[in-house]
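Peer 1: no sequence for this one, just the structure:
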């Protein structure tokens, strides 16, 4: 129940902000109303695309980190000690 109330509150807030900004800039109640209706629709449409994009970015970053960790583990250890390197 709390989640539904929170979601409804967020939608109302988004619609109010969209209406208020459009009304302040245009002075039109009609354009404010259009913005208030369109803003949540656009958000609902674009948010899943945004989330998928960030999932792909996260997967690429994780893959690069794993590849770097594997490369670090596979790198040969220097068989020459520091004292031997100085003598050379």
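Peer 2: Thanks, I have it. Note that the structure is a prediction, hence the values are computed from the model and not measured.
Peer 1: these two touch, right, residue 39 and residue 16?
Peer 2: No - if you go by C-beta atoms under 8 Å, residue 39 and residue 16 don't touch, sitting 10.0 Å apart. To be clear about C-beta, it is placed using only N, CA and C from the backbone, and glycine gets the same treatment.
Peer 1: centroid residue for this protein?
Peer 2: residue 54 (5.2 Å; C-alpha atoms, centre = their mean).
Peer 1: check which helix or strand it maps to.
Peer 2: Using DSSP states H and E, residue 54 sits in helix 29-74.
Peer 1: how far does that helix sit from the chain's center?
Peer 2: 5 Å (C-alpha atoms, centre = their mean, to the nearest Å).
Peer 1: one more: stretch 13-22?
Peer 2: Centroid separation for stretch 13-22 versus its chain: 23 Å, with C-alpha atoms, centre = their mean.
Peer 1: just use 50 as the starting number from now, easier for me
Peer 2: OK, 50 is where the count begins now, so the last one is stretch 62-71.
Peer 1: contacts for it?
Peer 2: With contact meaning C-beta atoms under 8 Å, 6 or more residues apart in numbering, stretch 62-71 is reached by 77, 80-89, 92.
Peer 1: what of stretch 103-114?
Peer 2: Residues from elsewhere that reach stretch 103-114 (C-beta under 8 Å, 6+ apart): none.
Peer 1: next one: stretch 89-99
Peer 2: 60, 63-64, 67.
Peer 1: let's see 10 Å
Peer 2: Contact with stretch 89-99 is made by 59-61, 63-64, 67, 84, as judged by C-beta atoms under 10 Å, 6 or more residues apart in numbering.
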